[in-house]
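Visitor: Here is a sequence with its predicted model. Questions after.
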Amino acid sequence: MNLAEFSLTQALLGGALLGISTTLFMVFNGRVAGVSGLFGQLLLGREPTWRAAWIGGLIVGGIGVAMVFPAAFGAPVQRSFVLLLLAGFLVGAGTRIGSGCTSGHGICGLSRFSRRSLVATLSFIAAGAAMVVVSRAIGWLP
């Protein structure tokens, strides 16, 4: 999907689903729905049943969307496995350093008017933008 195919309706629906799901997660679990924290705690074996269900739901939901609307994911990424592992490691390290990920800070934290989450989210955006500029300058991205 490119910018020309952007749909305000799809964006509003996606935002509403994110808001509803994170609110329900907070209401029923009393916790922020930060995916990196949930996944990290799952790897440590803490409360594995519901954490595995949550992560599994994200995966199954993504597969379902891919089956129904494959264009939502765009073209497959053509990168080396080592580069993808490095990128995943750096994202994981960043979420540990920042005490949360984009879902924890950007969705849940901002909705609670957390200043810390605002700083973290602005940092994520700035770092991502800088990485795109650098990646394009050295030829990693078109």
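Guide: Happy to help now that I have it. Numbering: from 1, shown residues only.

Visitor: so where's the protein uncertain?
Guide: 1-6 (pLDDT under 70).

Visitor: What segments of it are helices?
Guide: 8-29, 35-43, 48-68, 81-97, 110-111, 115-137 (DSSP state H).

Visitor: quick one: the last one to helix 81-97, angle?
Guide: Spelled out, that is helix 115-137. 160 degrees (axes from the mean of the first three to the mean of the last three C-alpha atoms, to 10 degrees).

Visitor: What helices and strands are in contact with helix 115-137?
Guide: Applying 3 or more C-beta pairs under 8 Å, 6 or more residues apart in numbering; DSSP states H and E, one finds that helix 115-137 makes contact with helix 110-111. In short, each C-beta sits where N, CA and C put it, glycine included.

Visitor: Please name every helix or strand in contact with the helix it packs on.
Guide: So helix 110-111, by 3+ C-beta pairs under 8 Å, 6+ apart, packs with helix 115-137.
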